[in-house]
Structure formats: C-alpha cells, structure tokens
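>>> Return atomic coordinates for the entry below.
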Amino acid sequence: MNRFLADVERRAFRIAQLALRSVEDAQDAVQEAMFQLAKRYSGRPSAEWTPLFYKILQSRIRDTQRRRAVRNRVLFFVGGQKDDDDDAMPDPIASAPDTAGRDPSEQVAQADAMGALEEALNRLPGRQREAFMLRILEGLDVEQTAQAMGCSEGSVKTHLSRAMHSLRQSLGEYWQ
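Numbering: from 1, shown residues only. Next up is the predicted model:
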C-alpha cells in the first residue's frame, strides 16, 4: 500500500491542484483520499486500488469545490470578500524542473505548450477534465476510469472524446 501511495501521490496532487487551483486544498484532498483508501480498502486486492483511489480523490475535490461555492455565496450575501489565497499557485521558480543541458528555445516552447495545456484543461467542463486526466495523464483504462468517475464506460468515452475535441481546438499550434 505504501508503494502504491508513493507512486500515485505526485500525479494525484497535480490533478487536485488543477481542479482546485489551490496548493493547500490540493494537498488536503490528496491526503484525505490516501487516508481513506488505506483505512477502508487496504484489504482489497492491489489491482482495485487505482480506481478506488481516484474515485475517492474526485469525491474530495467535489466536496472542496462545493464548500468553497457555499462559503463564497455566504460571504457575498453578508458582504464579505473572497480570500485571495484561494487561487494561490505555487512559485514557478521553486517548482521549475531541472533543465540543465537543454536548448533554451526548446525549454521555452515546452513551457508555452504546458501553460497552454493547463489553461485549456481549466476551461474544460469538470467531467471532461476528469476523464482526460484519468485516461490520458494517469493511464487508467476505460473500466478503471468509469469506476473512478462513478459512471458508465460509454460516458467515459463520450467525456474523453469531447475533451480531446475541445483541446485540439484550443491548442491548435501546440497539438501535434
């Protein structure tokens, strides 16, 4: 179980961070998902852990989004203001990958492409983004993705197809 959690932690954090747009909320969601998986499902076969983990993670992400939406409505109603830290992103310098020995123009092109991908993913509807992240970035198969998303395999295929179409349109010059 420890090895599985260590292997999935970084990718899960990135998924949560893209969905929640907050480092702290993403860390909390991943930590809660890991805890729930270990607590409730450690006795299950390891082949079942991946879809179970992502289903738990997506549930935590949706719970955080709902709490945030309710909080913002309440604060708006009573005259409060949204906390600016909710949309805080990590320091790009601190999180920059080691690029020693690479051509600077290649680094710039890759950074531009990744920035464009992140923006395009943020514009996708939630279910399409979830299907794309689980199928393409995480490498889950259709059945595992359907289990993680709590929907049919046909719905996964539909969401992924729509996401791919939207991303192709949005990313045009970067999509090759």
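>>> care to break the chain down by domain?
The chain breaks down into these domains under automatic domain parsing: 1-81, 104-176.
>>> Give me the mean pLDDT for stretch 20-34.
If you average the pLDDT over stretch 20-34, you get 93.
>>> Can you give me the buried ones in it?
For stretch 20-34, burial by neighbour count (16 or more other CB atoms under 10 Å) applies to 20-23, 25-26, 29-30, 32-34. Yep, even glycine has a C-beta here, placed from its N, CA and C like the rest.
>>> between the residues you listed, which is nearest residue 2?
Within those, proximity to residue 2 (CB to CB) peaks at residue 34, which comes in at 10.1 Å.
>>> Identify the residue nearest the closest one in space, chain neighbours excluded?
residue 5 (5.2 Å; CB to CB, 6 or more residues apart in numbering).
>>> Give me the helices and strands touching the helix or strand where the one you found lies, please.
Secondary structure assignment for residue 5, by DSSP states H and E: helix 2-20. Using 3 or more CB pairs under 8 Å, 6 or more residues apart in numbering; DSSP states H and E, the elements in contact with helix 2-20 are helix 23-41, helix 49-78, helix 104-123, helix 126-132.
>>> Ok, which of those comes nearest residue 170?
Short answer: helix 104-123, nearest of those by CB to CB, at 4.0 Å.
>>> neighbouring contacts of the closest one?
For helix 104-123, the surrounding residues in contact (CB atoms under 8 Å, 6 or more residues apart in numbering) are 18, 21, 99, 129, 132-133, 166-167, 170-171, 174.
>>> Restricting to C-alpha, output it in PDB.
This file holds the C-alpha atoms of helix 104-123, laid out as PDB (Å, rounded to 0.1, in the frame of the first residue of the first chain):
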ATOM      1  CA  PRO A 104      16.700  27.300 -24.300                       C
ATOM      2  CA  SER A 105      14.300  27.600 -27.300                       C
ATOM      3  CA  GLU A 106      13.100  24.000 -26.600                       C
ATOM      4  CA  GLN A 107      12.500  24.900 -23.000                       C
ATOM      5  CA  VAL A 108      10.500  28.000 -23.900                       C
ATOM      6  CA  ALA A 109       8.400  26.000 -26.400                       C
ATOM      7  CA  GLN A 110       7.700  23.300 -23.900                       C
ATOM      8  CA  ALA A 111       6.800  25.700 -21.200                       C
ATOM      9  CA  ASP A 112       4.500  27.600 -23.500                       C
ATOM     10  CA  ALA A 113       2.900  24.300 -24.600                       C
ATOM     11  CA  MET A 114       2.400  23.200 -21.000                       C
ATOM     12  CA  GLY A 115       0.900  26.500 -20.000                       C
ATOM     13  CA  ALA A 116      -1.500  26.400 -22.900                       C
ATOM     14  CA  LEU A 117      -2.500  22.800 -22.000                       C
ATOM     15  CA  GLU A 118      -3.100  23.800 -18.300                       C
ATOM     16  CA  GLU A 119      -5.200  26.800 -19.400                       C
ATOM     17  CA  ALA A 120      -7.200  24.600 -21.900                       C
ATOM     18  CA  LEU A 121      -7.700  21.900 -19.200                       C
ATOM     19  CA  ASN A 122      -9.000  24.600 -16.800                       C
ATOM     20  CA  ARG A 123     -11.600  25.700 -19.400                       C
END
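>>> Thank you kindly, that will do.
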